[in-house]
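Asks: sequence first, then the predicted structure, then my questions.
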Amino acid sequence: MKEDIKEILFSEEEIKNRVKIVGKKISEDYKGKFPLLVCILRGAFMFLADLVREIEIPMSVDFMAISSYGGRTESTGQVKILKDLDTPIKGRHVLIVEDIVDTGLTMDAVTRLLGTRKPASLKIATLLDKVERRKIPVKVDYYGFRVPNEFVVGYGLDYEEKYRNLPFIGILKEEIYKGKE
Ligand code: 5GP
């Protein structure tokens, strides 16, 4: 798998250190609020697993699986819910945990949907933020790293379901997906 990676952007150690900082901040901000962390499957599973271990306050987790229609490396913002939450979120402090915010279309759709269920608050924690690709404004409340306009994989992020198990985040070589769009 490693031979398909053009460049490692964030090592296992860098990710660990950064996730620790984000977890500490969330612990402070949500003290006494018993937040519900909503993991967006599948990409955010590894981030969630590490993040919750850095959160020192009572909290709960739930999972939502969505698929976005579009090309293999781009989303269109038309999201389809494959698995909805099991937890009612009315009156809860909800923190969405996402792998990467790119155009912003997915997070815009998810926050609008969850917003209709009247949570006490609704915020976004994303591991990666590809700011320069934004098509629609999305308020990212917590982020791990900003990334350049490149297709990245590893630490939960995939290309055609591969590379999620890489412990680091790297740029996928273009030749792997070029011509397959
Ligand atoms: P958006 O709707 O913000 O354009 O895209 C969000 C979704 O697109 C992410 O949850 C992720 O599934 C996918 N995505 C966007 N950029 C990347 C990337 O660089 N690598 C991977 N693996 N997925 C990405």
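Replies: Structure received. Since this is a predicted model, take the numbers as computed values, not measurements.

Asks: packing partners for the strand or helix carrying A65?
Replies: Element membership of A65 [criterion: DSSP states H and E] is strand 60-68. Using 3 or more CB pairs under 8 Å, 6 or more residues apart in numbering; DSSP states H and E as the contact test, the elements touching strand 60-68 are strand 36-41, strand 79-83, helix 105-115. The way it works is simple: take the backbone N, C-alpha and C, and place the C-beta from them, glycine included.

Asks: so what are the sheet partners of the first one and their directions?
Replies: In the sheet containing strand 36-41, the strands it pairs with under DSSP bridges are strand 60-68 (parallel), strand 93-101 (parallel).

Asks: after it, next one along is what?
Replies: helix 45-52.

Asks: could you list the buried residues of that following helix?
Replies: Buried positions in helix 45-52, judged by neighbour count with 16 or more other CB atoms under 10 Å: F45, M46, F47, L48, D50, L51, V52.

Asks: so which of these comes closest to A125?
Replies: Using CB to CB, L51 comes nearest to A125 of the buried residues of helix 45-52, at 7.3 Å.

Asks: my read: the closest one touches V19, true?
Replies: Yes: using CB atoms under 8 Å, L51 is in contact with V19, at 5.6 Å.

Asks: okay, and the beta partners of the closest residue to P35 other than its chain neighbours?
Replies: Among residues not flanking P35 along the chain, H93 sits closest, at 4.5 Å (CB to CB, 6 or more residues apart in numbering). H93 forms beta bridges with S121, as assigned by DSSP bridges.

Asks: from L85, how far off is H93?
Replies: The gap separating H93 from L85 is 14 Å, by CB to CB, to the nearest Å.

Asks: these two: which has the busier surroundings?
Replies: H93 (19 against 15; other CB atoms under 10 Å).

Asks: just the pLDDT for that one.
Replies: pLDDT for H93: 98.

Asks: now do the same contact list for it.
Replies: Going by CB atoms under 8 Å, 6 or more residues apart in numbering, H93 touches Y30, K33, F34, P35, L36, P119, A120, S121.

Asks: the fourth one - how many residues pack around it?
Replies: The number of residues packed around P35, counting by other CB under 10 Å, is 23.

Asks: quick one, phi/psi of it?
Replies: Torsion angles at P35 (phi, psi; degrees, to the nearest 10) stand at phi -70, psi 160.

Asks: mind listing what it touches?
Replies: Per CB under 8 Å, 6+ apart, neighbours of P35: I26, I57, M59, S60, R92, H93, V94, L95.

Asks: which residue is the nearest non-sequential neighbour of the fifth one?
Replies: Take R92 and drop its neighbours on the chain: the residue closest to it by CB to CB, 6+ apart is L36, 4.8 Å away.

Asks: likewise for I176?
Replies: Nearest one to I176, counting by CB to CB, 6+ apart, is D4 at 5.3 Å.
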